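> I'd like to go over a predicted model; first the sequence, then the structure.
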Amino acid sequence: MTKKLKVRIAGIEFDARFEEEAAPKTVAAFRKHLPFVSKVVHVRWSGEGVWIPLGDMQFGVDYENHTSYPAPGQFILYPGGISETEILLGYGGVHFACKMGQLAGNHFITLTSNLDKLPALGPQVLWEGAQEIVFEEVDD
C-alpha cells in the first residue's frame, strides 16, 4: 500500500507531494517528524506567505533545491543559520527574507490540490491569527 501526503491548514485539506528527487535529505529528515502538527502565522518580511517558526529546532540538513522565491503552493524549509529554523508556504508572491536580509530555503513539498483556496488562506491567517497545520502520510 502506498502513502499519500496530506496537509491541512485552517481546516482546508490539500493533497501534496514530497520533492524527493530534488531534496532527498530534507524530505527524509522531515518524514521522521510525521505526523507534524504546528501553527502557521503570517510572514513578516517575505510577502504573501505563511510560516512555521521553529526556533532552534534542527533537521540536520544543508541547502538543497533551495530558493528565495517559492511559488504559491511550495513549502520551503530554512535549516537555520542567520535566522531561526522555519518552514514557509507561499500563497502569492514571496521573496523569502528576514530582518537581516534575503534567505533561501529548501523546496521540499508542493501542494497539488485546492490551490484555488490559497489566496484566501493568507488574509485569514493575517486577520484571524495563527492557524493549525498538520502534515501526515495516509494510506492511498
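Sure, I can see it.
> what sits against residue 29?
Residues near residue 29 by C-beta atoms under 8 Å, 6 or more residues apart in numbering: 59-61. Every residue, glycine included, has its C-beta placed from N, CA and C.
> For whichever strand or helix holds residue 39, output the C-alpha coordinates as CSV.
Taking DSSP states H and E as the definition, residue 39 sits inside strand 36-42. Taking Å, rounded to 0.1, in the frame of the first residue of the first chain, the C-alpha atoms of strand 36-42 are listed here in CSV:
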residue,chain,number,x,y,z
PHE,A,36,3.9,17.1,12.1
VAL,A,37,1.4,19.4,13.9
SER,A,38,2.0,23.1,14.4
LYS,A,39,0.6,26.6,13.8
VAL,A,40,1.2,28.9,10.8
VAL,A,41,1.4,32.6,11.2
HIS,A,42,1.7,35.3,8.5
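> Any idea which residue is closest to the centre of the protein?
Note on the chain: the residue nearest the mean C-alpha position is residue 75, at 3.3 Å, using C-alpha atoms, centre = their mean.
> can you pull the pLDDT of it?
If you check residue 75, the pLDDT there is 98.
> Tell me the secondary structure at it.
strand (DSSP: H, G, I helix; E, B strand; the rest coil).
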